[in-house]
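Chemist: next comes the sequence, and after it the predicted model I'd like to discuss.
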Amino acid sequence: MPPAPPSTPPATSADSPAARLAAVQQRIARAAKVARHDLADIALIAVSKTHEAEAIRPLIAAGQRRFGENRVQEAAAKWPALRAEHDGIELHLVGQLQSNKADEAVALFDAIHALDRPSLVTALARAIDRAGRAPTLFVQVNIGDEPQKGGCAVADLPGLLGEARGAGLAPAGLMCVPPLGVEPAPYFALLAKIARDHGLPLLSMGMSDDFETAVTLGATHVRVGSALFGPRA
């Protein structure tokens, strides 16, 4: 009888969600130490877009409480039940937001990293007024001036901030996604400078491939997906 084909080995402890979370936390801590940044000022957002609740629960069990989603509809389908199961969940919208989803987003998310245009300023101001709650707001900046990407142009940022503040909003920070395939550090450094110039304390920048660089350049929020959840099938 021919030997049975080898079975797929079970996940080792190094492959577990808890181990991946610990590894990412250690990398953030090392980068913060090198740059002499306070680790307590850096928030890790586990980007759970497209992942089902079964993939999210092990990270929650390991202690992760901040999660990011790209789409309001997807988040609304899975997070109310997860929040009912677990205390202390903090939910961040890290994808683009349609104005007609503003009410849903304000009700669901603790932070919105997608403020990028005057029409959304108006929609969010109305939604926040109706809901009586105000998520933390980040202005998304098109830091590489890429026409295919969302985000406010750097040149338009002062005007957008003025409109937001005039509408009663209080943006707390900036968010960016640097161009693919290039060194991200100059873009992170530019976003940090722009934030300082406008008195904005929060910086949402850095993903699985570059979050350590972002931390050294002042990120307060890093958005990490595949390094925590593993590669997508």
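Modeler: Here it is on my side, so go on.

Chemist: I28 sits in which helix or strand?
Modeler: Using DSSP states H and E, I28 sits in helix 17-35.

Chemist: that helix: how far from the chain's middle?
Modeler: The chain centroid and the centroid of helix 17-35 are separated by 17 Å under CA atoms, centre = their mean, to the nearest Å.

Chemist: mind listing the helices for this structure?
Modeler: 17-35, 53-61, 72-85, 102-108, 118-131, 157-166, 185-197, 211-216, 226-229 (DSSP state H).

Chemist: tell me which residues in the third one are buried?
Modeler: The reference is to helix 72-85. V72, A75, W79, L82 (16 or more other CB atoms under 10 Å). For every residue, glycine as well, the C-beta is placed using N, CA and C.

Chemist: can you check the fourth one too?
Modeler: Neighbour counts over helix 102-108 (16+ other CB under 10 Å) mark A102, D103, E104, A105, V106, L108 as buried.

Chemist: tell me which other helices or strands it touches.
Modeler: helix 72-85, strand 90-93, helix 118-131 (3 or more CB pairs under 8 Å, 6 or more residues apart in numbering; DSSP states H and E).

Chemist: please enumerate residues in contact with the first one?
Modeler: If you take CB atoms under 8 Å, 6 or more residues apart in numbering as the criterion, helix 72-85 is touched by 49-50, 52-53, 56-57, 60, 67, 69, 89, 91, 93, 97-98, 101, 104-105, 108-109.

Chemist: any quick PyMOL command for the buried ones out of the residues you listed?
Modeler: The PyMOL command for the buried members of the contacts of helix 72-85 (criterion: 16+ other CB under 10 Å) is given here:
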select buried, resi 56+60+67+69+89+91+93+97+101+104+105+108+109
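
Chemist: for the closest residue to G150 other than its chain neighbours, grab phi and psi.
Modeler: With sequence-adjacent residues excluded and distances taken as CB to CB, 6 or more residues apart in numbering, G150 is closest to Q96, at 4.6 Å. Here is the backbone geometry of Q96 (degrees, to the nearest 10): phi -70, psi 150.

Chemist: what does L180 give?
Modeler: phi -70, psi 150.
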